[in-house]
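Chemist: Just need the structure, nothing else, for what follows:
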Amino acid sequence: METVNSCDHGIAWKAKEVLRIAYTLPFVMASVAGIAFAMTMSDQWLLALLIPLDVFFLALLVNFSNDYFDHKSGVDKLRFECLDDEDFMQQMKRLTDGKVYWVGNSLDRGIITDHQGKMLMIAIITSAIIIAIPIIYLSGTISLVLGAVALLLCILYTLPPVNLGARGFGEIDVLLSFFCIPFFSFFVITNQFNLTFFFVSLAIGFGAMLMRIADEVPGYEAHIAMGEKNLVVRFGLQNLPKIEWTLIFLVYLMIAMAAVTDPYFIVLLLSLPLPLKAMKELKINDAVKYWRPLTKFMFMTTSIAFLTVIILAIKTLIL
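Modeler: Numbers count the residues shown, from 1 in each chain. A predicted model of the protein is given here:
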C-alpha cells in the first residue's frame, strides 16, 4: 500500500482519514435514541447534551484504537493490499459514486506516526473522562459504573493480550456495546427500566453486530493469515449468508417485540429494505462483493436509531 505525504493535504482531510468521524455516526445516533426516549420522562437537558458527546469520544477511541492495534499486528496492511489493484479501485469508485470513503489504515499509510497515535489515544481518553465528570456529578455513581462497563467493552475489543476481536468474541462485544450505548443513555437519566426501549436497544445491538461481521469479511484472508479467529473465520465464508440472515431475523424480531409493547415502533420496519438489498447484492460475484453490503447494514442500524427519535417526537406532539 502506498504511503501518503500528509503535508500535501489539509487538516480536515487528515482528521477524516485518521479519526474516521463518519464511522462515529451509528454510535452517536444510538445514544441520541436513548436520550430521546429518556427526555419523554425527564428534563435533564445538560445530561442530554453531555452523554452523546461522551459517546462520540468513546466512538473515536474504538475506531482509532482498532486501527492502531491492527496496524501493530499487520492485519490491516495485508487486508488493504487490494488497494494497489487499479481494477479493484475502479469498481470501488463506481460502488461509492466516485468516492472511496476509507482507503486503509492511516498509520500504515504514514498519515500519522505510531507515537502520534499513542498521544491521540491518550487525548481521546482524557476528553472522554473530562466530559464524564459532570455526567457522574449530575447522575450519581450509577453513571460511573455504567461508564466503566462501556469503556471496558471499548478497550477489550482490540487491546492485547485480550483482543476479543481476534478471538471470536469481538462481535459479541459489539452487540453488548451497542445495546449498552442507547440503553445506558436512557437509564442514566431516568433510572428506570423500560421494556420497549430494552427491545429497541437489542435491535440496535444486533444491527451493529451485523455491521461488524460485514466489515470483517473483506479482510477474511488477512485475518486467517494473521491467525485471527473472528466469527466469520470460525464459521467459514461459505456460512456468511446464514450468519447474516440470522442476525437480520434477530434485529427485526426485537423490533416486533418493541412494537408489541408500543405499536408506534412498527415504524422501525421502514428500515427493512436496507438489509434485504444488502443480502441481494451479496449474490453479485465481483471484486467488491463483500464490500457492498457494509454501508447498507450501517445505514440500517443508524436508521433504526433515527426512526426511534422520529417516533418519540411524533408521540410527544400527539400525546
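
Chemist: ok, now how distant is Ala287 from Pro218?
Modeler: 10 Å (C-beta to C-beta, to the nearest Å). C-beta coordinates here come from the backbone N, C-alpha and C atoms, glycine included.

Chemist: Repeat that for Ser106.
Modeler: Separation of Ser106 from Pro218 (C-beta to C-beta): 17 Å.

Chemist: Tell me which of the two has more neighbours.
Modeler: Ser106 (25 against 17; other C-beta atoms under 10 Å).

Chemist: Just the element for the closest residue to that one other than its chain neighbours, please.
Modeler: Nearest non-adjacent residue to Ser106, counting by C-beta to C-beta, 6 or more residues apart in numbering: Val18, 4.5 Å away. According to DSSP states H and E, Val18 maps onto helix 11-19.

Chemist: Check which helices and strands that helix sits against.
Modeler: Helix 11-19 is packed against helix 45-73, with contacts defined by 3 or more C-beta pairs under 8 Å, 6 or more residues apart in numbering; DSSP states H and E.

Chemist: before we move on, the earlier item: what residues of the helix holding Val18 count as buried?
Modeler: Within helix 11-19, the residues that count as buried by 16 or more other C-beta atoms under 10 Å are 14, 16-19.

Chemist: same thing with stretch 187-205?
Modeler: For stretch 187-205, burial by neighbour count (16+ other C-beta under 10 Å) applies to 187-190, 194, 196-205.

Chemist: can you check stretch 273-293 too?
Modeler: For stretch 273-293, by 16+ other C-beta under 10 Å, it's 274-275, 278-279, 282, 288, 290-293.

Chemist: Keeping just the C-alphas, turn that stretch into CSV.
Modeler: What follows is stretch 273-293, C-alpha atoms only, in CSV (Å, rounded to 0.1, in the frame of the first residue of the first chain):
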residue,chain,number,x,y,z
PRO,A,273,-35.4,-2.8,2.7
LEU,A,274,-31.8,-1.9,3.5
PRO,A,275,-30.7,-5.4,4.8
LEU,A,276,-32.8,-7.1,2.2
LYS,A,277,-31.0,-5.1,-0.5
ALA,A,278,-27.6,-5.9,1.1
MET,A,279,-28.4,-9.7,1.0
LYS,A,280,-29.5,-9.4,-2.6
GLU,A,281,-26.3,-7.6,-3.6
LEU,A,282,-24.2,-10.2,-1.7
LYS,A,283,-25.1,-12.6,-4.6
ILE,A,284,-23.2,-10.4,-7.1
ASN,A,285,-19.9,-12.1,-7.8
ASP,A,286,-17.3,-9.4,-8.4
ALA,A,287,-14.2,-7.9,-6.7
VAL,A,288,-16.3,-5.7,-4.4
LYS,A,289,-18.8,-8.4,-3.5
TYR,A,290,-18.0,-8.3,0.3
TRP,A,291,-17.6,-4.5,0.5
ARG,A,292,-21.0,-3.8,-1.0
PRO,A,293,-23.3,-4.8,2.0
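
Chemist: quick one: contacts for the closest residue to Asp54 other than its chain neighbours?
Modeler: In this structure, Asp54 finds its nearest non-sequential neighbour in Ile131, 4.4 Å apart by C-beta to C-beta, 6+ apart. Applying C-beta atoms under 8 Å, 6 or more residues apart in numbering to Ile131 gives the contacts 50, 53-54, 57.

Chemist: Assess the claim that the residue nearest to Ser106 and Arg109 are in contact.
Modeler: No - using C-beta atoms under 8 Å as the test, Val18 is too far from Arg109 to be in contact (9.7 Å).

Chemist: contacting residues around the closest residue to Ala38 other than its chain neighbours?
Modeler: Among residues not flanking Ala38 along the chain, Ile189 sits closest, at 3.9 Å (C-beta to C-beta, 6+ apart). Applying C-beta under 8 Å, 6+ apart to Ile189 gives the contacts 35, 38-39, 41-42, 44, 47-48, 51, 139.

Chemist: mean confidence for the helix or strand harbouring Ile189?
Modeler: Using DSSP H and E, Ile189 falls within helix 170-190. Mean per-residue pLDDT for helix 170-190: 92.

Chemist: No further questions, thank you.
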